[in-house]
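>>> I'll drop the sequence and a predicted model, then ask my questions.
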Amino acid sequence: MAAAEDAAVPSPPPSLLSLCLEAVASHLTAGAAGGGQAGGRCGRDHFSGEGGGGDTMITPEEVAEALPWELLHRLASLLPPAALEALHHAAHDRCCFSAATAAVGFAGPDGDRRGIKRSRCEDFNPEWQALFGLRWPRCDNAGHDGLLTVDWQRQYWEKHLQECLDEAAESALLPSFCGSIDELTIPAKIVSCILHTKDIPQQYSRLSFHCSSFGCYARCLRLQSVLCTAEISDLLQGSKLEKLMFVRIISDLEVNGVCMLLSCHAETLLSLEFIHCQLSPAVMDKICNSVLQKGSVNHGIQNFSIKSSRICESNTLNISAGLLDFLSMGKSLQWLSLNDTKMQPLFAKIIVHTLLGSSSGIRTLEISENNIAGWLKTMDKRFACFSSALESNISLNSLTLLNLRGNNLNKGDIEDLCKILVKMPNLRDLDISDNPIMDEGIRLLICFISRTLRKEKSLSRLRAENCDLTNIGVTELLECLSSVSEPLNLLSIADNHLGSSVAVALAKFLGSGVRELNIEDIGFGPLGFQILEEALPADVALSHINVSKNRGGIRAARFVSRLIKQAPGLVSVNAGSNLLPPESMEVICDVLQQKNTCNLERLDLMGNMHLSDAAFPAALEFRKHGKQILIVPSQPGACAPYDDDP
């Protein structure tokens, strides 16, 4: 009853002064909201600025000039952080101006009061403490000696910045290994929130990075061009970056930001990558010189990659000397990738020549998606030193992987390539895919392969996809590979129109001990699968095979069924887009029910429009490590059939 009576008592009407102060607070809040309100409003949402009224906004400077400090403090208690920050600066500026004018005799009657008393009272420290306590109630007064005066304005913004950094770290972290943070991406919107002075005052935006979660854990950063600034470089001073990835570096300002970051972290940096950048020779000189420390004869970069970025100019002789020095001094360099860089043939030759002459410890070399046909020709006498290097005893002893995919190389280039391959005695992985080398080119490689397969450390992985090969050239290759004691671990001849006539040689090759085979889209057809099934060796060492997009029909299903029986180590099969009829599921499910299929983890039948787990619910019963083995469309016709017709 008493509570009801209390509720019925009307609250006293607001005073005219309180209404005026609320109106002024509304104007100031609306003005601050135009630039974004840092740290939220801390529970004061009723002063959102929407009720400011009128077209003329009151500025913080006008308020600081017009009101005495007693009313300024009452007003400050109504403001959110951004508006309070603006009023704080306006009052401080007015205070400093009044003190200066008083010192030269131009102060009015109130000049002394503004210059001395207001400097003590207009710090708004109680209001900042109230804001801090309202937003972080459990942190209020924590760790502060009561005898010391705490700068609550600074405490508020440092805590706010810390919270922004923690939020960025939490939202941007990529999957980690062994429980440690391995890679970190800073989104532009997060950095903008942290750095813009309207969100965080300028004096607090350059806090030492070591006090944030980034400085403790960040090792890898992916930075868009807009983030390559002096502010980012300052924030990263306390971290020990090991990996940097730059995206869309184009302007001189962005290049300067990149160089600043590289100079700061040259001692700890292990990996450097550029994607979609404009890297002219002059720009490359600046970047590489930033990595190379003065007086040093080498650098610590282990992985260096340039992808989808122009590094050349129309003048083929204008080549970055800084990049060549970078490669020459790369004693720690293990992985070099130049993918889709609009590289000229001469540039590619000089890259290889530089690596040969530097006694580099590089293990992986990728020069791919560049039009470098004729790159190894030595017709130009100015580069006769390249021929000398080939005739000398120097070699790339540590190189194990060479990727030359998509370079428009022809059979003539393969003849010259073999002269380079002999300088790579430990080469284990060669990718020559997407080059029109044709049968003549593969025959030249067969000569190299037959020699290397007789060595203790021989070639183990070969990719020759989409090389305009025919069944004749591939049959010769398969016969060579089947006749050696140390077979390949992986062979990919996908996307070459070979037809069914290669099936006999392929069946023999399957008995050589190969572990991975990719014959996707080779025009095998039902006849090819039938021959392969009938000639399949009794013991097959395969662990992975891709026979997709071959229009095999029921014959493809029967081959897969036979292979599962005779390859006990088989882990994955891709038989997608093979026009499999509905009865294929019965053939495959029958073999999956047998005990000797225990190692199979994945059988991909996607792209076969006549199959579905709705029509064959038994497909869902086969599982390995809790995951479904049979991967089929959810509904019949859920995916379009593969069509290789032009």
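On my side now, so go ahead.
>>> CA only for contacts and neighbour counts going forward, please
OK.
>>> Could you point out the bridge partners of T364 in the sheet?
Applying DSSP bridges to T364 gives these bridge partners: W335, L401.
>>> Quick check: the gap between it and S398.
Computed as CA to CA, to the nearest Å, the T364 to S398 distance reads 9 Å.
>>> Also I58?
From I58 over to S398 (counting by CA to CA), the distance is 71 Å.
>>> what do you get for R154?
The separation that R154 has from S398, given CA to CA, amounts to 55 Å.
>>> what's the answer for S634, then?
Relative to S398, S634 is positioned 48 Å away (CA to CA).
>>> cool, T354 as well?
15 Å.
>>> next one: L409
The separation that L409 has from S398, given CA to CA, amounts to 24 Å.
>>> Neighbour count: these two, which is higher?
With neighbours defined as other CA atoms under 10 Å, L409 and S398 compare such that L409 has more, 25 against 17.
>>> Any regions of the stretch 251-400 of the chain where pLDDT drops low?
Segments of the stretch 251-400 of the chain classed as low confidence (criterion: pLDDT under 70) are 294-295, 313-317, 378-393.
>>> got the residue ranges for the strands in it?
Secondary structure of the stretch 251-400 of the chain (DSSP state E, counting those that start in this stretch): strands at 271-275, 303-307, 335-339, 364-368.
>>> okay, the angle between the second one and strand 335-339?
Note on geometry: by axes from the mean of the first three to the mean of the last three CA atoms, to 10 degrees, strand 303-307 and strand 335-339 are set 0 degrees apart in direction.
>>> Same check on the last one?
Going by the same axes, to 10 degrees, strand 364-368 is angled at 0 degrees with respect to strand 335-339.
>>> residues in contact with strand 364-368?
Residues external to strand 364-368 that are found in contact with it (CA atoms under 8 Å, 6 or more residues apart in numbering): 334-340, 348, 399-407.
>>> Just the buried subset of these, please.
When these are checked for burial by 16 or more other CA atoms under 10 Å, the buried set is 334-340, 348, 399-407.
>>> Contact partners for H276?
Contacts for H276 were tallied using CA under 8 Å, 6+ apart; they are V247, R248, I249, K307, S308, S309.
>>> okay, now the third one: neighbour count?
When you say that, I think you mean I249. Residues near I249, counting by other CA under 10 Å, number 25.
>>> what residues are up against it?
Applying CA under 8 Å, 6+ apart, the residues contacting I249 are Q224, S225, V255, H276, C277, Q278.
>>> Over to the fourth one?
In this structure, K307 makes contact with E273, F274, I275, H276, S337, L338, N339, D340, T341, judged by CA under 8 Å, 6+ apart.
>>> Quick check: of those residues, which lies closest to P425?
Of all the contacts of K307, the one sitting nearest P425 is S337; the distance, using CA to CA, is 20.3 Å.
>>> Go ahead and confirm that closest one touches S309.
No - S337 is beyond contact range of S309, at 11.7 Å (criterion: CA atoms under 8 Å).
>>> who touches stretch 556-564?
Taking CA under 8 Å, 6+ apart as the criterion, the residues outside stretch 556-564 that touch it are 526, 529-530, 532-533, 536, 540, 570, 573, 575, 578, 580, 584, 587-588, 591, 597, 600.
>>> out of these, which are inside strands?
Taking DSSP state E, the ones among these that sit in strands are V573.
>>> quick one: which of the contacts of stretch 556-564 sit in helices?
Taking DSSP state H, the ones among these that sit in helices are P526, F529, Q530, L532, E533, S584, V587, I588, V591.
>>> can you give me the helices in the stretch 201-350 of the chain?
Ranges of helices within the stretch 201-350 of the chain are 213-217, 230-235, 252-264, 281-291, 321-328, 345-357, based on DSSP state H, counting those that start in this stretch.
>>> Give the bridge partners for the residue positioned nearest the centre of the chain, please.
Centre of the chain computed as the mean C-alpha position; nearest residue by CA atoms, centre = their mean is R222, 6.2 Å away. With DSSP bridges applied, R222 shows beta-bridge pairing to T185, M245.
>>> what about A538, how many neighbours?
11.
>>> quick one: contacts for it?
Applying CA under 8 Å, 6+ apart, the residues contacting A538 are Q566.
>>> Are we agreed that it is in a helix?
No - with DSSP: H, G, I helix; E, B strand; the rest coil as the criterion, A538 is assigned coil and is not in a helix.
>>> Look up how far E486 lies from it.
Applying CA to CA, the value for A538 to E486 is 19 Å.
>>> surely Y156 meets W128?
Yes - at 7.0 Å, Y156 counts as touching W128 under the criterion of CA under 8 Å.
>>> More neighbours: which of the two?
More neighbours surround W128 than the other of Y156 and W128, with 24 against 21 (other CA under 10 Å).
>>> Buried residues, the helix or strand harbouring that one. List them.
Element membership for W128 (DSSP states H and E) is helix 125-135. For helix 125-135, the buried set under the neighbour-count rule, 16+ other CA under 10 Å, comprises N125, E127, W128, Q129, A130, L131, F132, G133, R135.
>>> Is D468 in a helix, a strand, or coil?
Following three-state DSSP, we place D468 in the coil state.
>>> cool, L75 as well?
In the three-state summary, L75 is assigned as helix, counting by three-state DSSP.
>>> Phi first, then psi, for the closest residue to it other than its chain neighbours.
Excluding the flanking residues, the one nearest L75 by CA to CA, 6 or more residues apart in numbering is L21, at 5.9 Å. Dihedral angles phi and psi of L21 (degrees, to the nearest 10) take the values phi -60, psi -40.
>>> Around L21, how many other residues sit close by?
Number of residues near L21 (other CA under 10 Å) recorded here: 18.
>>> any idea how far it is from L28?
Taken as CA to CA, the spacing of L21 relative to L28 amounts to 10 Å.
>>> Next: H610.
According to CA to CA, H610 and L28 sit 67 Å apart.
>>> Please apply the same query to G576.
To L28, G576 is 65 Å away according to CA to CA.
>>> L417 and W375 touch, don't they?
No - look at L417 against W375 with CA under 8 Å: they stay out of range, at 9.4 Å.
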